[in-house]
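**Student:** Here is my input; please provide its structure:
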Amino acid sequence: RLIFFVSDLHLSAQTPTLTRIFLDFLGSRARAAEALYILGDLFEYWVGDDDLEDPANAAIAGALRELSDSGVELNIMRGNRDFLFGERFAAATGARLLTDPHVLSLPAWQFVLSHGDMLCTDDAEYQAFRTQSRAAEWQTAFLAKPLAERRAIARALREQSEAGKHEKAQGNNAYLMDLNPGATEDFLRDHGYATFIHGHTHRPATHDHIVDGISVERWVLSDWHEGDGPVRAECLVWDGEQLSREKLT
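**Tutor:** Residues are numbered from 1 along each chain as shown. The predicted structure is shown next:
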């Protein structure tokens, strides 16, 4: 049976086309899978599991629950936008929340899965925020704020992030938004040269790394996009023998 991988959908009330494509995917194509792995940034932002009551979020969570109830194993990894997924979200969707990284051992192959942001080590400013926001004290303080305030903070952080990306892309700092080569090589070595699947960078590609004389593949998942230009929605498929990309539009 098939295993599907997706990441960086960034769903919100402002992405009705992508949400429709995703709900259609969950109700049809994904039902053929043994398992679905969502490797971070399913939502544009997630400010706590009490936001499940938002109608747009509730519709997506309900569709995920229907998928898991149908017998498809649902696995979700926290990304840099939805790192506050908690046990209430897991219970509502029937998902298993994965640690990052996660080793996936199959009869025919071994993979290591990650959102990918932990390896963008050249971006010191982002890594400092990542460390801070993963701390239990920071999360407890943030979740204690009213829901409306948390949403406002998330929107402000999102705007700041987008402005930062634009600034980096305009200069000679685009490398800050990609994985550090040395850190990636160490990661592949530490995980037994397993095939690496990740998202985060929005740079879908397949890379061949030579680590200690061993060829190791790294598959970067596509982000989902609507707005300027064509709609992009894609999943990566393991059919028991090989990986391939499948367009969902």
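
**Student:** Helices of this structure, residue ranges please.
**Tutor:** With helices called from DSSP state H, the chain shows them at 16-27, 55-69, 87-93, 124-133, 136-143, 147-170, 181-190.

**Student:** can you put these in CSV and add distance to L36 and mean neighbour count?
**Tutor:** Where C-beta positions appear, they are placed from N, C-alpha and C, glycine not excepted. Formatted as CSV, these follow (distance: least, CB to CB, whole Å; neighbours: other CB atoms under 10 Å):
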stretch, distance to L36, mean neighbour count
helix 16-27, 8, 18
helix 55-69, 7, 17
helix 87-93, 11, 16
helix 124-133, 25, 12
helix 136-143, 26, 12
helix 147-170, 25, 13
helix 181-190, 24, 16
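
**Student:** Kindly list the single helix or strand of the chain that scores lowest on mean pLDDT.
**Tutor:** Taking mean pLDDT, DSSP states H and E as the measure, the chain has helix 147-170 as its least confident helix or strand, at a mean of 82.

**Student:** Can you name every helix or strand that it contacts?
**Tutor:** Counting contacts by 3 or more CB pairs under 8 Å, 6 or more residues apart in numbering; DSSP states H and E, helix 147-170 is packed against helix 136-143.

**Student:** could you check the angle helix 147-170 makes with the helix it packs on?
**Tutor:** Interaxial angle, helix 136-143 versus helix 147-170 (axes from the mean of the first three to the mean of the last three CA atoms, to 10 degrees): 120 degrees.

**Student:** Kindly calculate the angle that helix 136-143 makes with helix 124-133.
**Tutor:** Relative orientation of helix 136-143 versus helix 124-133 (the same axes, to 10 degrees): 80 degrees.

**Student:** Pull the residues that contact helix 136-143.
**Tutor:** Here helix 136-143 makes contact (CB atoms under 8 Å, 6 or more residues apart in numbering) with 47-48, 84, 132-133, 150, 153.

**Student:** Farthest-apart pair in the residues you listed, please.
**Tutor:** The most widely separated members of the contacts of helix 136-143 are G48 and Q132, with 17.0 Å between them, by CB to CB.

**Student:** Run a quick neighbour tally on the closest residue to G192 other than its chain neighbours.
**Tutor:** Leaving aside its sequence neighbours, G192 sits nearest to Q110 (CB to CB, 6 or more residues apart in numbering; 7.0 Å). Other residues lying near Q110 total 14 when counted by other CB atoms under 10 Å.

**Student:** repeat for V237
**Tutor:** 17.

**Student:** repeat for D178
**Tutor:** For D178, the neighbour count with other CB under 10 Å is 18.

**Student:** what sits against it?
**Tutor:** Neighbours of D178 in contact, by CB under 8 Å, 6+ apart: 120, 201, 203.

**Student:** and the residue nearest to the second one when sequence neighbours are not counted, how far is that from H115?
**Tutor:** In this case it means T201. Take T201 and drop its neighbours on the chain: the residue closest to it by CB to CB, 6+ apart is D178, 5.5 Å away. Distance, D178 to H115, by CB to CB, to the nearest Å: 14 Å.

**Student:** most distant residue from the middle of the protein?
**Tutor:** Going by CA atoms, centre = their mean, the residue of the chain most distant from its centre is G213, 29.9 Å out.
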